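> just to be clear, the model below is a prediction. Sequence and coordinates:
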Amino acid sequence: MEKAIGVFDSGLGGLTAVKELAALMPNENIIYLGDTARVPYGSRSPETLIRFAKEDLSFVLRQNVKAVLVACGTISSVALPILKKECPVFVEGVVGPAARSAAAKTKNGKVAVIATNATINSGAYRKELSSIDNNIEVFEKACPMFVPIVENGYFGRDNAAAKIIVSDYLSEVKRSGADTVILGCTHYPILRPLIADFLGPDVNLVDSGKEAAKVICEKIKADGLCSDSENLGGHTYYVTDEPSGFVNLAELFLDRKIGNEVKKAVLTEENI
Ligand code: DGL
C-alpha cells in the first residue's frame, strides 16, 4: 500500500491542513489523528504537551507514513524540535511556514498572532518572525475560548455567541494596526468567516495549517515521494474519544462524508 502523509492535532483544527493537503495532492493517502479525549491542548503545561506530542507522533508513525505534519500550533510551538530529533521521516509544524507567509504579506510591518495560551507563552511565532525580519512589529493575543467554541460547533458565520467572543478577543488586534494576522492555532481558520467579518477586508489572514500543508507538499515532491496517479487518495481519521461528535463537525467543515473512515485510536495503554 502507498505510504500516507500523517497529520495530527488535538481535535478538529488539523482538518484545516488536511483540506489543503487533499486539494494540493488528491492522490495521497492521509492518516489523521485528533486527540479528542484530551482536547484542548492550549491550556496545558509544556511538560504535558511534550508527553502528548510524543504519544501522538508515535501513533502516527505506526501507520506507515512518509512525512508528518504537526497540524497543531501548540505542539509546533512547544515540542517541534524534540519531535524532529525523534522522527525518522520529514516532520514539519505550522509556525515556520505561517511566519514566513506573514512576513512576505505584511506591507506596514505589523503582524498580529492569535493563538492558544501555550503558544503565545512560548513566544515561538515572535521568535520566528524576528528571525525572518527583525523590524517586524509583533502583537500577540491568546484567544483560549476559540478552541472550545469550534469543538462545540459554534462556527457558523451568524452564530451570535461566537460573534461576541470574536469581537471581545479581536478588538485589541484591530487596534494594533496590524495589516496581517496569523491564525496561529489550526482551529481558528474554522472561524475565518467570523474573524474576517470583524477585522475587515484590508487585513490579511494567514492560515497556519494551510501554509504548513504547502511546505509538506513541496517537500514530498522534491524528494520524489509522490504517490502514483492511479492512487485514489484514501483518508483515515483516528480519534481518541468517541468518533460520533467528531464525525458530525468534521463533515460540516470538510463538506464531505467521512463516517466510514473514522476509527478509535488507542495511543497508550491508558490513553491518558
Ligand atoms: N489546534 C491546536 C493548535 O493549533 C490545538 C488547540 C487546543 O487544543 O487548544 O494550537
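On my side now, so go ahead.

> what residues does the stretch 101-250 of the chain put near the ligand?
Along the stretch 101-250 of the chain, the residues adjacent to the ligand under the rule C-beta under 6 Å from any ligand atom are 116, 119, 147, 185-187. Placement of C-beta: from N, CA and C, glycine included.

> which strands or helices does the helix-or-strand element of the chain with minimal mean pLDDT pack on?
Ranking every helix and strand in the chain by mean pLDDT, DSSP states H and E puts helix 243-254 at the bottom, with a mean of 91. When contacts are defined as 3 or more C-beta pairs under 8 Å, 6 or more residues apart in numbering; DSSP states H and E, helix 243-254 packs onto helix 15-24, strand 235-239, strand 262-264.

> repeat that with 6 Å
Contact partners of helix 243-254 among helices and strands, from 3 or more C-beta pairs under 6 Å, 6 or more residues apart in numbering; DSSP states H and E: none.

> quick one, phi psi at the most centrally placed residue in the chain?
Geometric centre of the chain, nearest residue: residue 186, 3.0 Å, by C-alpha atoms, centre = their mean. Dihedral angles phi and psi of residue 186 (degrees, to the nearest 10) take the values phi -70, psi -10.

> what do you get for the one 3 residues further on?
Taking degrees, to the nearest 10, you get phi -60, psi -20 for the backbone angles of residue 189.

> next one, pLDDT for it please.
pLDDT for residue 189: 95.

> go on, residue 229?
At residue 229, pLDDT is 80.

> adjust the sequence numbering to begin at 11 for everything that follows.
Sounds good: first residue 11 from here, last item residue 239.

> quick one, strands of the chain?
14-19, 39-44, 75-80, 100-102, 120-125, 147-152, 190-193, 214-217, 245-249, 272-274 (DSSP state E).

> could you tell me which strands sit next to the third one in the sheet, and their orientation?
Pointing back at strand 75-80 there. Using DSSP bridges, strand 75-80 pairs in its sheet with strand 14-19 (parallel), strand 100-102 (parallel).

> quick one: residues contacting residue 19.
44, 81-82, 196 (C-beta atoms under 6 Å, 6 or more residues apart in numbering).

> which two among the residues you listed are spaced furthest apart?
Pairwise distances across the contacts of residue 19 (C-beta to C-beta) peak at 10.8 Å, for the pair 44 and 196.
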